[in-house]
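*Asks:* give me a model of this one.
(one chain, ligands or ions: 2)
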Amino acid sequence: MKCLMAIETSCDETSAAVVTFEREVKSNIVLSQDVIHAPFGGVVPELASRQHLRNLLPVIKEALNRANVSLEKIDAFAVTQGPGLIGSLLVGVSLAKALAYYYNRPLIGIDHLQAHIESVFLTNSEISFPALALVVSGGHTSLFYLPKRLTYQLLGRTRDDAAGEAFDKIAKFLHLGYPGGPIIEKLAEKGNSKAFIFAVPRMKDNSLDFSFSGLKTAALRYIKENQITASSPQIKDFVASFEAAVVEALLVNLSQAITYYPVESILLCGGVARNQRLRTNFLQLGHERGVKAYLPLPEYCTDNAAMVGALAVEFLKSGSPLPSPLDLEAYARFSATLEEIES
Ligand code: KG4
Ligand code: ZN
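*Replies:* Residues are numbered from 1 along each chain as shown. Ligands and ions are numbered 1, 2, ... in the order given. The predicted model follows:
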């Protein structure tokens, strides 16, 4: 059975996966660097690059072992090109180029945000178009319109912090630990989400962009005024209220987009899509608006190479021409090929 090896090193997870041309995930190894970055309360780019350099070959070896396949038997390679931390991306891209060149195999460069969207298709093959896809992670908060498979039009993105970044920064400020999202979610479980009032940001000019800096500033003000610390009695109510405000800000925009772009389906993905409040309210929104709502499995929400491999299989099947492996570049910011809709 034909298969490809996918590599993902866009941020602080080193990941490799073996995916068959029938989209079966044979292995998906993800090595987290959380312990390295935790003392700093956020990802330190140079440390992330150095960890990828150390870990990538062992992770690839493990992915091959688990899939019970040797490197010579791999029919194609795929790698995340960007957007992401440039030093981290360069580690993955340079190794993928070397492998594809040495074994004389095709190399498919993959956009990280499109790969996150693909994570939804990994377990939902029946999604109908047009669709809207909300990508919510530590580095990105972006909304896409998908008129058909493999076509992505950017409708809006954050003008400042990403939603996951807002969780990570508030957690850092309160010395709760890193990454902040899952820690805040756990603490918020028993909190009253209505205890603290946050004004949910709204863009003027009908824009579908996001903004989280206002919520972050309001949160910091509450923390100072009420002297909230990790051990104060209000902590659970406070983080529950903050979490609810972030979720509402995300879904208000998505709801607005459903009004502007009548669609059949809505998709939610990215690390923050692990959050249960967001998942529940997203499904509820789909129900209320009469559109089908799709989520990835929790393990495919945070960065992983399986979603990169699955998207690469689709590109191979689509027959689009592939550049020579030697021409592949990494990019830190949005892909130049991405079509942006003026709103
Ligand atoms: O997609 P991802 O692994 O990396 C990027 O592409 O950025 O997302 C990581 C982000 C972090 O900000 C983390 O705090 C957040 O996802 N996150 C969560 C949860 N799990 C991870 N946020 C809220 N609730 C969670 N359960
Ligand atoms: Zn990501």
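
*Asks:* what is the burial count for the one residue in the stretch 51-200 of the chain that gets nearest to ligand 2?
*Replies:* Scanning the stretch 51-200 of the chain for proximity to ligand 2 using Cβ to the ion identifies S137 as nearest, at 4.2 Å. Every C-beta, even on glycine, is put in place using the N, C-alpha and C of the backbone. Per other Cβ atoms under 10 Å, the neighbour tally for S137 reads 25.

*Asks:* residues contacting the closest residue to it other than its chain neighbours?
*Replies:* Excluding the flanking residues, the one nearest S137 by Cβ to Cβ, 6 or more residues apart in numbering is G270, at 3.6 Å. Each residue near G270 by Cβ atoms under 8 Å, 6 or more residues apart in numbering is listed here: 116, 134-137, 140, 164, 301.

*Asks:* one more time with 10 Å, if that's ok
*Replies:* With contact taken as Cβ atoms under 10 Å, 6 or more residues apart in numbering, G270 is in contact with 112-113, 116-117, 119, 133-142, 162-164, 296, 301-303.

*Asks:* same check, this time on S27
*Replies:* By Cβ under 10 Å, 6+ apart, the residues touching S27 are 3, 5, 16-19, 62-69, 305-306, 309.

*Asks:* that one should be in a strand, yeah?
*Replies:* Yes. S27: assigned to a strand according to DSSP: H, G, I helix; E, B strand; the rest coil.

*Asks:* quick one: it from G181, how far?
*Replies:* 26 Å (Cβ to Cβ, to the nearest Å).

*Asks:* from H112, how far out is the residue of the stretch 51-200 of the chain closest to ligand 2?
*Replies:* On the measure of Cβ to Cβ, S137 and H112 end up 9 Å apart.

*Asks:* find the residues that touch each one of the two.
*Replies:* With contacts defined as Cβ under 10 Å, 6+ apart, the residues shared by S137 and H112 are 10-11, 270, 303.

*Asks:* okay, now S119: neighbour count?
*Replies:* 28.

*Asks:* go on, L220?
*Replies:* Neighbours of L220 (other Cβ under 10 Å): 14.

*Asks:* what sits against it?
*Replies:* 169-170, 173-174.

*Asks:* which among these gets closest to F210?
*Replies:* Distance to F210 across the contacts of L220 (Cβ to Cβ) is lowest for K169, with 15.2 Å.

*Asks:* quick revisit: of the contacts of G270, which ones also sit close to ligand 1?
*Replies:* Counting by Cβ under 6 Å from any ligand atom, 137-139, 164, 302-303 from these sit close to ligand 1.

*Asks:* in terms of model confidence, name the weakest of the shared contacts of S137 and H112.
*Replies:* Comparing pLDDT over those, the lowest score belongs to C11 (92).

*Asks:* residue ranges with poor pLDDT in the stretch 1-150 of the chain?
*Replies:* Residue ranges of the stretch 1-150 of the chain with pLDDT under 70: none are present.

*Asks:* one more time with 90, if that's ok
*Replies:* Within the stretch 1-150 of the chain, the set of residues satisfying pLDDT under 90 comprises 38, 40-43, 125.

*Asks:* that one: helices as residue ranges?
*Replies:* 34-37, 45-67, 86-103, 112-123 (DSSP state H, counting those that start in this stretch).

*Asks:* so how far is the lengthiest helix in the chain off the chain centroid?
*Replies:* The helix that spans the most residues within the chain, counting by DSSP state H, is helix 235-260. Relative to its chain's centre, helix 235-260 lies at 17 Å (Cα atoms, centre = their mean, to the nearest Å).

*Asks:* and the helix or strand that it is followed by, which residues are buried?
*Replies:* Following helix 235-260 in sequence order, the next helix or strand is strand 265-269 (DSSP states H and E). Buried residues in strand 265-269, counted by 16 or more other Cβ atoms under 10 Å: 265-269.

*Asks:* show me which residues of the stretch 51-200 of the chain are close to ligand 2?
*Replies:* S137 (Cβ under 5 Å from the ion).

*Asks:* kindly reformat the contacts of L220 as CSV containing secondary structure, distance to P39 and pLDDT.
*Replies:* Listed next are these as CSV, based on DSSP: H, G, I helix; E, B strand; the rest coil; distance: Cβ to Cβ, whole Å; pLDDT from 0 to 100:
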residue, secondary structure, distance to P39, pLDDT
K169, helix, 16, 94
I170, helix, 18, 96
F173, helix, 15, 94
L174, coil, 16, 95
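
*Asks:* return the member of those residues nearest to ligand 1.
*Replies:* Using Cβ to the nearest ligand atom, the shortest approach to ligand 1 within the contacts of L220 belongs to K169, at 9.4 Å.

*Asks:* residues near the closest one, how many?
*Replies:* 19.

*Asks:* leaving out chain neighbours, which residue sits closest to it?
*Replies:* K216 (6.1 Å).

*Asks:* wait, that neighbour sits on D161?
*Replies:* Yes. With contacts counted by Cβ atoms under 10 Å, K216 reaches D161, the gap being 6.3 Å.
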